[in-house]
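>>> Predicted structure and sequence below. I'll ask about it afterward.
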Amino acid sequence: TSCAEHRPNIPKMSFVGKKYKLDKSENFDEYMKELGVGLVTRKMGNSLSPTVEVTLEGDTYTLTTTSTFKTSAISFKLGVEFDEETLDGRNVKSIITLDGNKLTQEQKGDKPTTIVREFTDNELITTLTIGNVKCVRVYKAV
């Protein structure tokens with residue numbers, strides 16, 4: 001038997017250090033509306049094409065979203081709750097888990113939200129869900 005057979009199944013995290021730029025977005029306005037985001041901010045949010053990058057240092061991930069309007073970075077350890085201020089200014093408690101190449105973020109607050117980021121070699125598919133409103137944003141690797 002070779003040593004390889006006895007290694008635990010470590011995900012290859014092919015998305016770490018890669019940048020993804022927003023390519024198409026579906027239902028984002030309705031999602032922001034459900035969050036209570038005002039019209040002016042929604043218009044701006046709908047006009048942006050942000051870039052997302054995930055980096056890893058030790059066991060701490062950093063998810064950076066960059067756009068012409070605002071840059072936000074959240075640092076987290078998998079499965080450990082942390083405080084987050086969302087891009088629309090809400091303060092929430094978040095917890096992020098990893099399953100294969102899928103990061104799932106649960107935001108707890110006045111308006112509980114689930115954000116699933118599924119990474120492939122050339123795409124990031126982000127599904128945002130609040131209540132019965134679902135938004136899908138597709139990013140292309142750059």
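The structure has been received and is ready for your questions.
>>> Report the contact partners of the closest residue to Lys140 other than its chain neighbours.
Leaving aside its chain neighbours, Lys140 sits nearest to Asp23 (4.5 Å; criterion: C-beta to C-beta, 6 or more residues apart in numbering). C-betas here are computed from N, CA, C, even on glycine. Neighbouring residues of Asp23 by C-beta atoms under 8 Å, 6 or more residues apart in numbering: 49, 123, 138-140.
>>> cool, Phe15 as well?
For Phe15, the contacting residues are 54, 101, 119, 124, taking C-beta under 8 Å, 6+ apart as the criterion.
>>> Equivalent analysis for Thr97, please.
Counting by C-beta under 8 Å, 6+ apart, Thr97 touches 78-79, 103-104.
>>> before we move on, what SS does it have?
Here Thr97 is recorded as strand under DSSP: H, G, I helix; E, B strand; the rest coil.
>>> what's around the residue lying closest to it once chain neighbours are set aside, how many residues?
If the residues on either side of it in the chain are set aside, Thr97 comes closest to Thr104, at 5.2 Å by C-beta to C-beta, 6+ apart. Burial measure for Thr104: 15 neighbouring residues, criterion other C-beta atoms under 10 Å.
>>> quick one: average confidence on the host helix or strand of Thr104?
The secondary structure element spanning Thr104 is strand 102-108 (assigned by DSSP states H and E). The average pLDDT for strand 102-108 rounds to 97.
>>> Assign a three-state SS to the closest residue to Phe28 other than its chain neighbours, would you?
Once flanking residues are discounted, Phe28 sits nearest to Cys135: 5.0 Å by C-beta to C-beta, 6+ apart. The three-state label given to Cys135 by three-state DSSP is strand.
>>> For beta bridges, what are the partners of Cys135?
The residues listed as beta-bridge partners of Cys135 by DSSP bridges are Leu128.
>>> Got the confidence number for the most centrally placed residue in the chain?
Within the chain, the residue whose C-alpha comes closest to the C-alpha centroid is Arg117; the distance, by C-alpha atoms, centre = their mean, is 5.1 Å. Confidence at Arg117, expressed as pLDDT, is 97.
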